[in-house]
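>>> Sequence and predicted structure below; questions after.
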Amino acid sequence: MTKAPAEKSRSAKLLEILDDPYKRLNALYVVKNKDAMEVPFRMNWAQDRFFRAMHNRNVILKARQHGFSTFFQYFELDQCVFNSNTSAAIVADNMDNAKAIFRDKIKFAYERLPDNIRAARKTIKDRDNELAFSNGSLIRVRVTLRGGTYNLLHVSELGRIAAEDPERSKEIMTGAMEAVPLSGVIVVESTAKGSAGDFYDLCQKAQDIQKSGRRLTALDWKFHFFPWFEEPGYTIDPAGIVITQFYLEYYKKLRMDHKIELTTGQMAWYFLKAAGATGLGAAMGQEYPSTPEEAFAQAIEGAYYSTQFVSAVGQGRITKVPHDPAVQVDTWWDLGIADSMDIWFTQDVGREIHVIDFYENSGEGLGHYVDVLREREKELKYHYRSHNAPHDIEARELGTGKSRKEAAAALGVQFSTVPGLTVEDGIDAVRRFLALCWFDEARCAAGLKSLRAYRKQWNERLGTWDAKPLHDLASHAADAFRMLAVGHQFRVGGVARPVQQPITGRAWS
């Protein structure tokens, strides 16, 4: 019996939908809305734009509530159901979220597909946060991943992972991402968590490629940014809302510097979100950024000096700070042996501390760093007043019987020893001291990145921050800066340091 024309038309329309992933996503799936009601899934403007612009490697910096996590979880499920032998993985920021993603997104969406589709794609495994299908495809949710090959990978909130657990972040970067072939698709999406860590680095590299204008290869990361003001729902009736001058100046800066024109409704919404009774305050730039730079300028969770750097940025104290040849230079050191050695260069100008330079390296002997001082003395005309190091510079090495203070003196550098304080007292000293500091943005870039990233250690078992600092690459520059804050505190208290003469001991190279 032949099909009636209307039935043929319905069959043709269904086949058209089933052959097109865009149409499938907008026709077959159900999602829970914010009121916990089951409604048809339809891509919003941000999801639609991303779908059409998707590349092999994608990094998304976003404002909150755009729904990218839900979108890509549904996209991965759809690809597994409608394509044989497809492997997909989702990396969540913690185990509770991994379980919730599997239960409330993956299984929820699959179990509400039309009966005939589920009958053709039965599950042969449903445990351990993993669904495997009769067509040889599978989708799993984990908190980290290594081994195997995946056609699709979604990493959710890498910014948070990198801030709280840098080692797991590295494992994701080197393990999970390397498991995806060139033909596969990776989506990394997150709000920002400060200007450090793997998510920040990934965004910076992707932006550099974007700005270069060159064609992307399959290995290049594509940068996607979704600011708050493009979301149609982020507006409110402005009647009766009096916006303070601070936020009016902020809106003016957006208009003048970035050509961002806001409606009065958007201005009112942003003001209430930031400064209302439950406002986010300084965290607005992180959660609802207007520009990528603003997103990453915000504080890192658990960072010791987050509040101080928000103030420094707001007051314009991270800028161009030229060396003044008429003012002597002090240096402040963290003395590594096998790892990093870091030096800050400062000038006292009235009550201000001008932090004009920073240097770090590893695997080099003391002579290398003496040469660095000489080069700056010769080429940049630095005239040194003092060189300052922690108390362990006076410890004698078993092999030579000499201290590194004595070894440095033999090379022409006379070190002063900074009084010993506990790490906690030193951190408090830095917090007070930062209000006096002006940083050269270019020459201190690496050191500033480390100071901003210096943070407490995350306790995974307790789900909170430990009292002790995390020892990572950021801690060396932070330790050197602690010498600056502590040493300056004692100098201001009346202990004068001797004026250093130009370095002697070896001829210029």
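All right, it came through fine.

>>> can you map out the strands along the stretch 51-200 of the chain?
Along the stretch 51-200 of the chain, the segments classed as strands by DSSP state E, counting those that start in this stretch run 57-62, 87-91, 123-127, 130-133, 138-142, 152-156, 185-190.

>>> Would you mind listing the buried residues in the helix or strand harbouring residue 331?
Per DSSP states H and E, residue 331 falls inside strand 329-334. Residues 329, 330, 331, 332, 333, 334 are the ones in strand 329-334 that count as buried (16 or more other C-beta atoms under 10 Å). The way it works is simple: take the backbone N, C-alpha and C, and place the C-beta from them, glycine included.

>>> So what pairs up with the fourth one in the strands?
Each beta-bridge partner of residue 332 is listed here, defined by DSSP bridges: residue 344, residue 388.

>>> Quick check: it touching residue 388?
Yes. With contact defined as C-beta atoms under 8 Å, residue 332 reaches residue 388; the gap is 5.1 Å.

>>> Put the alpha carbons of the lengthiest helix in the chain into PDB.
Assignment by DSSP state H gives helix 474-492 as the longest helix of the chain. Written as PDB, here are the backbone C-alpha positions of helix 474-492 (Å, rounded to 0.1, in the frame of the first residue of the first chain):
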ATOM      1  CA  ALA A 474      53.700  31.800  41.300                       C
ATOM      2  CA  SER A 475      55.100  31.400  44.800                       C
ATOM      3  CA  HIS A 476      58.700  32.400  43.900                       C
ATOM      4  CA  ALA A 477      57.900  35.900  42.700                       C
ATOM      5  CA  ALA A 478      55.500  36.200  45.700                       C
ATOM      6  CA  ASP A 479      58.300  35.200  48.100                       C
ATOM      7  CA  ALA A 480      60.600  37.800  46.600                       C
ATOM      8  CA  PHE A 481      58.000  40.500  46.900                       C
ATOM      9  CA  ARG A 482      57.400  39.500  50.500                       C
ATOM     10  CA  MET A 483      61.100  40.300  51.100                       C
ATOM     11  CA  LEU A 484      60.400  43.800  49.600                       C
ATOM     12  CA  ALA A 485      57.400  44.400  51.900                       C
ATOM     13  CA  VAL A 486      59.100  43.100  55.000                       C
ATOM     14  CA  GLY A 487      62.500  44.800  54.300                       C
ATOM     15  CA  HIS A 488      60.900  48.100  53.500                       C
ATOM     16  CA  GLN A 489      58.800  47.900  56.700                       C
ATOM     17  CA  PHE A 490      62.000  47.600  58.800                       C
ATOM     18  CA  ARG A 491      63.800  50.300  56.800                       C
ATOM     19  CA  VAL A 492      61.000  52.700  57.300                       C
END
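
>>> quick one: average pLDDT of that helix?
What helix 474-492 shows for mean pLDDT is 83.

>>> show me what contacts residue 75?
Applying C-beta atoms under 8 Å, 6 or more residues apart in numbering, one finds that residue 75 lies in contact with 21, 25, 51, 152.

>>> Which pLDDT does the model give it?
So residue 75 comes in at 95 (pLDDT).

>>> do the same with residue 430
Confidence score, pLDDT, at residue 430: 93.

>>> Residue 415 versus that one, what's the distance?
21 Å (C-beta to C-beta, to the nearest Å).

>>> what stretches of the stretch 351-500 of the chain score poorly on pLDDT?
Scanning the stretch 351-500 of the chain for pLDDT under 70 picks out the ranges 396-401, 458-467, 490-500.

>>> can you pull out the strands in it?
With DSSP E, counting those that start in this stretch as the criterion, the stretch 351-500 of the chain has strands spanning 352-362, 384-389, 415-417, 437-440, 456-459, 464-469.

>>> What lies in contact with stretch 164-180?
Against stretch 164-180 from outside (C-beta under 8 Å, 6+ apart): 89, 91, 143-153, 155, 158, 161-162, 186, 197-199, 301-302, 458, 460, 470, 472.

>>> now with 7 Å?
Contact with stretch 164-180 is made by 89, 91, 144-150, 153, 155, 158, 161-162, 186, 197-198, 302, 458, 460, 472, as judged by C-beta atoms under 7 Å, 6 or more residues apart in numbering.

>>> Fine by me, we can end here.
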